[in-house]
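Chemist: Next comes the sequence, and after it the predicted model I'd like to discuss.
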Amino acid sequence: MKYPGIDLRGAVVLITGAGRGIGRSTAHAMAARGARVAVADLDRAAADEVVAEIGSAAGAYTLDVRTRASWDACVTAVTADLGPVDVLVGNAGVMPVAPFLEEPDEIGEATIDVNVWGLIHGMRAVTPAMITRGRGHIVNVASLAGKVAIPGLAVYNASKFAAVGLSSTARLEFAEHGVSVSTVLPSAVRTTLTSGLPLGKGLPTVDPEDIAAAVVRTVSTRRAQTPVPGYLAAVDVALALAPEPLVGLVRKVVGGNRAVDSVDARARADYDERLRRL
C-alpha cells in the first residue's frame, strides 16, 4: 500500500505521554525535523518542561488518555493552536509489576484504560479528520510484551497484546483512506517504567532515543510493525514454533521470571506511587 507522503517540516505531531521517557525523546526528535509538536500529558508540569526545552515549535496540553472527553478537548485545542493533526503518536502507557493474583483490581483496570482505551479514544478522536483530508499517520507504541508473555506482567501483557491487535486491524480499515497505522514494539527501555527491574542479562535493553528514532522512521516507511532492536522481529514466531520445554529452558537461562522475583521495591517506589494516584 502506498500512502500519501507526510513531510515532517511543518507537520503537526500530537504525542501522548510526552512529558517524560519515550514521549519526551520523541517530541525532541520530531521538533528537530521541523514538526510542530503537541506535547500532551496528564502531568501538565512535565509537559510544560518539555515545551520549555524545545521552544516555540511545541505546545503543552493536558490530556487524560482514559477519557474521550479529554481527548476531544485536547484535539480541539491542538487544531486551533497548531492546525490539524498529521501524525498521532500513542505513547502513553503504564506498567505495573506483580504476580497476577496479587495485583489490585484498580491497578489492572487503570492499565487497560491507559494502554488500550487510550489508543482507542485517540484514534477515534483524530482519525476522522485525517480521513477527510485523505492522509495521516498513527504510531502506537506497544511493546514486545505484546508478543511475548512475561510472568509478573500479565495484565500489562494483555494490554499490549490488545494494542498490537487493535493497531493491526485499524491499519487495515484506514488504509483505503490514505491513513496509515504503525506499531513500534520496544524491548526493555531505560525509563521510569522499568525502574527497579533487573535489566540486562539476556534481555535486550534500549534507550528512549532509540524508540523515538524508530517512531520517526515510520513516518516515511509506514511499516506495520517495528521491533526495537530490529533483530527481535521474529521472536514471537520462534516462541510459537519452539517446543514448550525448550522455551522454558531459554526462559530459565535468561531469567524469565525476573519481573516477579528480582524487583527492587525501593527503586520502584516512586513509579508505583504514581500508578496508585491515577
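Modeler: Good, I have the coordinates.

Chemist: And the residue nearest the centre of this structure?
Modeler: V141 (2.6 Å; CA atoms, centre = their mean).

Chemist: quick one, what contacts that one?
Modeler: By CB atoms under 8 Å, 6 or more residues apart in numbering, the contact list for V141 reads I22, V89, G90, N91, G93, T183, V184, P186, I211, V215. C-beta here means a position set from N, CA and C on the backbone, and glycine is covered the same way.

Chemist: 6 Å instead?
Modeler: Counting by CB atoms under 6 Å, 6 or more residues apart in numbering, V141 touches N91, V184.

Chemist: Could you pick out the longest strand of the chain?
Modeler: strand 179-186 (DSSP state E).

Chemist: re the thing from before, and the pLDDT at the residue nearest to the centre of the chain?
Modeler: Looking at V141, its pLDDT reads 97.

Chemist: what about it, distance to L185?
Modeler: Separation of V141 from L185 (CB to CB, to the nearest Å): 8 Å.

Chemist: bridging residues for the residue nearest to the centre of the chain?
Modeler: When bridges are called by DSSP bridges, V141 pairs up with V184.

Chemist: State the distance from it to V89.
Modeler: 7 Å.

Chemist: cool, and T79?
Modeler: From T79 to V89 the distance is 16 Å (CB to CB).

Chemist: who's more crowded, the two?
Modeler: V89 (32 against 16; other CB atoms under 10 Å).

Chemist: Can you tell me the strand partners of the helix or strand just after the longest strand of the chain and which way each runs?
Modeler: Remark: after strand 179-186, the chain's next helix or strand is strand 188-189, criterion DSSP states H and E. Sheet pairing of strand 188-189 (DSSP bridges) gives strand 205-206 (parallel).

Chemist: Can you pull out the low-pLDDT segments for the protein?
Modeler: Within the chain, the set of residues satisfying pLDDT under 70 comprises 190-203, 230-262, 267.

Chemist: what distance separates the longest helix belonging to it from the centre of its chain?
Modeler: Longest helix in the chain, counting residues (DSSP state H): helix 154-174. Centroid separation for helix 154-174 versus its chain: 11 Å, with CA atoms, centre = their mean, to the nearest Å.

Chemist: How about stretch 134-145?
Modeler: Its chain's average C-alpha position is 8 Å from that of stretch 134-145, according to CA atoms, centre = their mean.

Chemist: Just the buried positions in it, please.
Modeler: For stretch 134-145, the neighbour count (16 or more other CB atoms under 10 Å) marks R135, G136, H137, I138, V139, N140, V141, A142, S143, L144, A145 as buried.

Chemist: now swap in stretch 120-134 and tell me
Modeler: Within stretch 120-134, judged by 16+ other CB under 10 Å, the buried ones are I120, H121, G122, M123, A125, V126, T127, M130.
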